[in-house]
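Here is a sequence with its predicted model. Questions after.
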Amino acid sequence: MTTLKVHYHKALDFVSETEIKAYQNSINAANQALATKTGKGNDFLGWLDLPSKTEDSLLAQLEQTAKKIRETVEVFVVIGIGGSYLGAKAVIDSLSHHFAASLDKGKRKAPLIVYAGNNICADYLADLFDLLQGREYAVAVISKSGTTTEPALAFRLFKQDLEKKHGKAGAKERIIAVTDPKSGALRQLAATEGYTTFSIPPDVGGRFSVLTAVGLLPIAVAGFDIRALLNGAKAMETIGNGNADLATNPISRYVAVRNALYKKGKKIEILAAYHPRLQYIGEWWKQLYGESEGKDGKGVFPASVNFSCDLHSMGQLIQDGERNIFETVLAVAQTKQTVVVPNDPDNLDKLNFLTGKTIQEVNKQAEKGTLIAHVEGGVPNIAIEIETINEYNLGQLIYFFEKACAVSGYQIDVNPFDQPGVEAYKTNMFALLGKAGFEKLAAEIQAKL
Ligand code: PA5
């Protein structure tokens, strides 16, 4: 059963129902192309039926490995970049105590999850090793290609640190590799060193891989229910891959509305969340849409904001800036916990009218007030609502956005599953760093600098 709801507050005042309905045929065609694997990028459609096809034996293996890690280490380092870490971080942050990092070890029910290999910052790495000093830790190195510079570079440091502290055999006990089942440098290294490994299905690309071991292993280590996550995704898989009718399929309708808005000059979609724990859902979503749709000179620019905080910064631009944006709110009906506004006899802040209300009520009214203000300011609004933040609902949300992304990419006739544009910086960087074979390019770049 899906509980996710999509509301279109006045988005329809900016595009007509006729303009939306005009997408029905091409959405049908996109669904057909995905189902029959005949569209662009059809080698990368393994994510489509992951929720229903994931084998129980894999889940049991992931849970067992996670249990062992949970029982033996204080910190778990997830090394990966892009799709190899954003989904895990998005789900873990959404479900975790917000201040998990500051809680005493005894108060935390799971290892502290930290991330590496998603930047090339010396201070970040040095701080991380500082944190790990004197603490028992394990590492998951996650890279589908096995050759991505950032995670490979970070892993080199962690491997050496673990080997120095525990010897080769001890390090091996603390390292798990998640990579392609056969190819790539990481697969080769894992085989040579005898690491525990999990495979990323070859037909699942990085940004669509959160429901594989890429996301499931760290999520399980963090203590969350990966079966409930997959069950939520499975419920959305059933709906999403059923009848594509715009009137009944929430994915089809979201795709039609955002593309109709894009065609009318709304080139930027801002994902707005009102709960700080959801910040990385925004980061994951930006990668999913940005890397999938942004090519061939096309694509909605995905941005994200964290309200109400960003209402005091980006809120100005959204309300009054160039009218090239639409807003998609990630709404949550209920928070897990209730905090009530107390009475203050002095009432110097003049907030006693809120006495007895819950903080969530106040947040909800901020959300509604903002929605009306933004719509009236010329920003169409779509709201995607989940009941509460839990594994099942996050699973629904993940599949909703993945399927919508693929169908949406086909609306603008791009291949949503490749990323040719990310190579440009890499070749320049290799040339500048003196990698063999890049000498000519290095000379060309030097002349431009
Ligand atoms: O979506 C993608 O394919 C990319 O963002 C990758 O996830 C990212 O580049 C990391 O790649 P890899 O897992 O091969 O290290």
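It's in. Numbering: from 1, shown residues only.

can we go C-alpha only for contacts and neighbour counts from here?
Noted.

ok, which residues in the stretch 1-150 of the chain are in contact with the ligand?
For the stretch 1-150 of the chain, the contact set with the ligand under CA under 6 Å from any ligand atom comprises 81, 82, 83, 84, 143, 144, 145, 146, 148.

What are the contacting residues of the helix or strand bottoming out on mean pLDDT in the chain?
For the chain, counting by mean pLDDT, DSSP states H and E, helix 11-14 ranks last in confidence among helices and strands (a mean of 84). Outside helix 11-14, the residues that touch it by CA atoms under 8 Å, 6 or more residues apart in numbering are 257, 261, 380, 381, 382.

Dump those residues to TSV, plus secondary structure and neighbour count.
Formatted as TSV, the contacts of helix 11-14 follow (DSSP: H, G, I helix; E, B strand; the rest coil; neighbours: other CA atoms under 10 Å):
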residue	secondary structure	neighbour count
257	helix	24
261	helix	26
380	coil	27
381	strand	24
382	strand	25
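
follow-up on the earlier one: can you name the element that comes right after the least confident helix or strand of the chain?
Next along the chain after helix 11-14, taking DSSP states H and E as the criterion, comes helix 17-21.

List the buried residues of the next helix or strand after that next one.
Downstream of helix 17-21, the first helix or strand assigned by DSSP H and E is helix 24-35. Within helix 24-35, the residues scored as buried using 16 or more other CA atoms under 10 Å are 24, 27, 28, 29, 30, 31, 32, 33, 34.

would you turn those residues into JSON lines with pLDDT and distance to residue 100?
Formatted as JSON lines, the entries for the buried residues of helix 24-35 read as follows, by pLDDT from 0 to 100; distance: CA to CA, whole Å:
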{"residue": "24", "pLDDT": "98", "distance to residue 100": "45"}
{"residue": "27", "pLDDT": "98", "distance to residue 100": "42"}
{"residue": "28", "pLDDT": "97", "distance to residue 100": "44"}
{"residue": "29", "pLDDT": "97", "distance to residue 100": "46"}
{"residue": "30", "pLDDT": "97", "distance to residue 100": "42"}
{"residue": "31", "pLDDT": "97", "distance to residue 100": "41"}
{"residue": "32", "pLDDT": "97", "distance to residue 100": "44"}
{"residue": "33", "pLDDT": "97", "distance to residue 100": "43"}
{"residue": "34", "pLDDT": "97", "distance to residue 100": "40"}
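
now for those, which pair is the farthest apart?
24 and 34 (15.3 Å; CA to CA).

can I assume residue 385 sits in a strand?
Yes: secondary structure assignment (DSSP: H, G, I helix; E, B strand; the rest coil) places residue 385 inside a strand.

In three-state terms, label the closest residue to it other than its chain neighbours for me.
Nearest in space to residue 385, with sequence neighbours left out and distances taken as CA to CA, 6 or more residues apart in numbering, is residue 331 at 4.4 Å. Under three-state DSSP, the three-state class of residue 331 is strand.

count of neighbours near residue 331?
Per other CA atoms under 10 Å, the neighbour tally for residue 331 reads 24.

Ok, residue 317 next?
Other residues within reach of residue 317, judged by other CA under 10 Å, total 12.

Would you mark the buried spots in the helix or strand hosting it?
Here residue 317 sits within helix 314-320, counting by DSSP H and E. For helix 314-320, the buried set under the neighbour-count rule, 16+ other CA under 10 Å, comprises 315, 318, 319.

Tell me how far the first one lies from residue 272.
Distance, residue 315 to residue 272, by CA to CA, to the nearest Å: 11 Å.

mind listing what the residue nearest to the spatial centre of the chain touches?
Centrality entry for the chain: nearest residue to the mean C-alpha point is residue 284, 2.2 Å, by CA atoms, centre = their mean. Applying CA under 8 Å, 6+ apart, one finds that residue 284 lies in contact with 83, 86, 87, 90, 207.
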